[in-house]
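Asker: Pasting the sequence and the predicted coordinates here, then a few questions.
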Amino acid sequence: MKLKPLAAGLVAAFAASLAQADINVGVTVSATGPAASLGIPEKNTFALMPTTIAGQKVNYIILDDASDTTTAVKNVRKLITEDKVDVIVGSTITPNSLAMIDVVAEAETPMISMAASARIVDPANPKVKWVFKTPQNDIQMSTAIAESMLNNKVQTVAFIGFADAYGEGWYQEFSKIAELRKLKVVANERYNRTDTSVTGQVLKVLAAKPDAVLVAGAGTPAALPQKALNEKGYKGAYYQTHGVANMDFMRVCGKDCEGTLLPAGPVLVAGQLPDSNPIKKVAMDYTTKYEAAHGKGSTSTFGAHAWDAGILLQNAVPAALKKAQPGSKEFRAALRDALEGLKNVTVSHGIVNMSPQDHLGFDQRARVMVKIENGAWKLQQ
């Protein structure tokens, strides 16, 4: 009988320890390798995120996948099996994120990707039940590009993109909208992220004599075709994707970028948005915090994708905590359900309304058209 108070105390202490369990967020980013200009601002952003959510301590366990698919998968397996994370955030690029889906689905661990391809959250794949993402879908941005091309009297387009899932996804989506809008795609060329020359591809593009060229690349490697085309005397219009929305791209591309048009998330031009835009406040909050830490003009849309993943978690975690405690299978499932149920959540790139059929949740407010003028981003009205 004397042991009962002690036993009761131990039970109470054990219950209290469960209630105090930390939330572990596993992160894999491409902080080195060809996608480093995207992954570095993402990595930097996690240092700005809250260390508690709903009174629970949050630990961010960050690994570098070096822009490599195999490493990204290894990172996720480690984070899940060794670090016992409650959620995965990453990776930076589409090929890595696609490769990670099988792992998180098998472990029944929610994942928030920071890569763009719509395939990452394709509802036709039952495994993406566990996967969400923060960047805009290619089709949303392709539509914006097509509209801009028509407004600028473009009739023929040459496409040159990465020889991977990012480039292929963009070609599939852009070619669909181009056909609908009566834009003729006269060339389809590919190159690798690590290539140092695209002379052969550029000569084929020039031979097609397009009114405009769409480069479907991301980060600094996306500058290569545009610089090569300028060197060969191409005088048509240039379009890039939202994969180049950072200052590193402009630094590498230099004067060859002048006049380039691209779709981007509103955060890229947060200060130019009208005060009536509901996204402006959140976008400026991130911009202010990031530039205070890393200098004026350092904000990129890629770091903001990480920031938005944090906002999603801040809105979903309180609901999950009502059903289970961190560190458990039940909590991971509850967190997945809470993410899927998010409504009218304003992030730096748009307003999120998730559903079982839509694990991105953006509408057209999540995009703007931007022009590079005098080495700066200029919002196109």
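Answerer: Nice, thanks for sending it over.
Asker: how about the helices in the stretch 1-150 of the chain?
Answerer: With DSSP state H, counting those that start in this stretch as the criterion, the stretch 1-150 of the chain has helices at 3-19, 36-46, 69-81, 94-107, 138-151.
Asker: Okay, domains of this protein per the record?
Answerer: Using automatic domain parsing, the domain parsing of the chain gives 22-136+289-366, 138-264.
Asker: quick one: average pLDDT of the first one?
Answerer: Predicted confidence along domain 22-136+289-366 averages 97 (mean pLDDT).
Asker: from now on call the first residue 26
Answerer: Sure, I'll start counting at 26 from here, so that last one is domain 47-161+314-391.
Asker: how about TSV for the domains of the chain, with distance to Asn399 added?
Answerer: For every residue, glycine as well, the C-beta is placed using N, CA and C. Compiled in TSV, the domains of the chain are given as follows (distance: least, CB to CB, whole Å):
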stretch	distance to Asn399
domain 47-161+314-391	13
domain 163-289	8
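Asker: So Thr371 is in contact with Pro303, correct?
Answerer: Yes - counting by CB atoms under 8 Å, Pro303 is a contact partner of Thr371 at 6.0 Å.
Asker: out of these two, which sits in the more crowded spot?
Answerer: Counted by other CB atoms under 10 Å, Thr371 and Pro303 do not tie: Thr371 has more neighbours, with 18 against 13.
Asker: Next one: the more buried one relative to Gly242, how far apart?
Answerer: Look at Thr371 and Gly242: by CB to CB, to the nearest Å, they are 30 Å apart.
Asker: wait, what's in contact with Pro381?
Answerer: 148, 365 (CB atoms under 8 Å, 6 or more residues apart in numbering).
Asker: how about Asn49, what does it touch?
Answerer: So Asn49 contacts 83-84, 86, 108-111, 351-352 (CB under 8 Å, 6+ apart).
Asker: and if we set it to 7 Å?
Answerer: 84, 86, 108-111 (CB atoms under 7 Å, 6 or more residues apart in numbering).
Asker: try Asp333
Answerer: 159, 372-374.
Asker: So which of these is the closest to His267?
Answerer: Closest to His267 out of those is His374 (9.6 Å), distances taken as CB to CB.
Asker: quick one: that closest one and Ala289 touch, right?
Answerer: No - taking CB atoms under 7 Å as the definition, His374 is not a contact partner of Ala289, at 9.0 Å.
Asker: Find the helix or strand that Ala331 is a member of.
Answerer: Ala331 is part of helix 326-346, with elements assigned from DSSP states H and E.
Asker: Now do the phi/psi pair for Ala253.
Answerer: Torsion angles at Ala253 (phi, psi; degrees, to the nearest 10) stand at phi -70, psi -40.
Asker: neighbours around the residue lying closest to it once chain neighbours are set aside, how many?
Answerer: Leaving out its chain neighbours, the residue that sits closest to Ala253 by CB to CB, 6 or more residues apart in numbering is Val227, at 4.6 Å. Using other CB under 10 Å, Val227 is surrounded by 25 other residues.
Asker: swap in the one 3 residues further on?
Answerer: Counted with other CB under 10 Å, residues neighbouring Val230 total 26.
Asker: Need the mean per-residue confidence for the helix or strand where it lies.
Answerer: Taking DSSP H and E as the criterion, Val230 maps to helix 224-233. The average pLDDT within helix 224-233 is 98.
Asker: what does it contact?
Answerer: 183, 185, 211-212, 214, 216, 238, 250, 253-254, 257, 259.
Asker: rerun that using 8 Å as the cut-off
Answerer: Counting by CB under 8 Å, 6+ apart, 181, 183, 185, 211-212, 214-216, 238, 250, 253-254, 257, 259 sit against helix 224-233.
Asker: I'd like to check the angle between the next helix or strand after it and helix 163-176, please.
Answerer: The first helix or strand that comes after helix 224-233 along the chain, using DSSP H and E, is strand 237-241. In terms of direction (axes from the mean of the first three to the mean of the last three CA atoms, to 10 degrees), strand 237-241 departs from helix 163-176 by 170 degrees.
Asker: Among the contacts of Asn49, which one has the most neighbours?
Answerer: For those, neighbours tallied by other CB under 10 Å; top is Asp111, 28 neighbours.
Asker: ok, now which ones touch Ser200?
Answerer: Here Ser200 is in contact with 184, 210 (CB under 8 Å, 6+ apart).
Asker: and it, what element?
Answerer: Going by DSSP H and E, Ser200 is part of helix 190-205.
Asker: pLDDT of that helix, averaged?
Answerer: Throughout helix 190-205, pLDDT has a mean value of 94.
Asker: Tell me which other helices or strands the very next helix or strand once past that helix touches.
Answerer: Using DSSP H and E, the helix or strand that follows helix 190-205 in sequence is strand 209-216. Using 3 or more CB pairs under 8 Å, 6 or more residues apart in numbering; DSSP states H and E, the elements in contact with strand 209-216 are strand 181-187, helix 190-205, helix 224-233.
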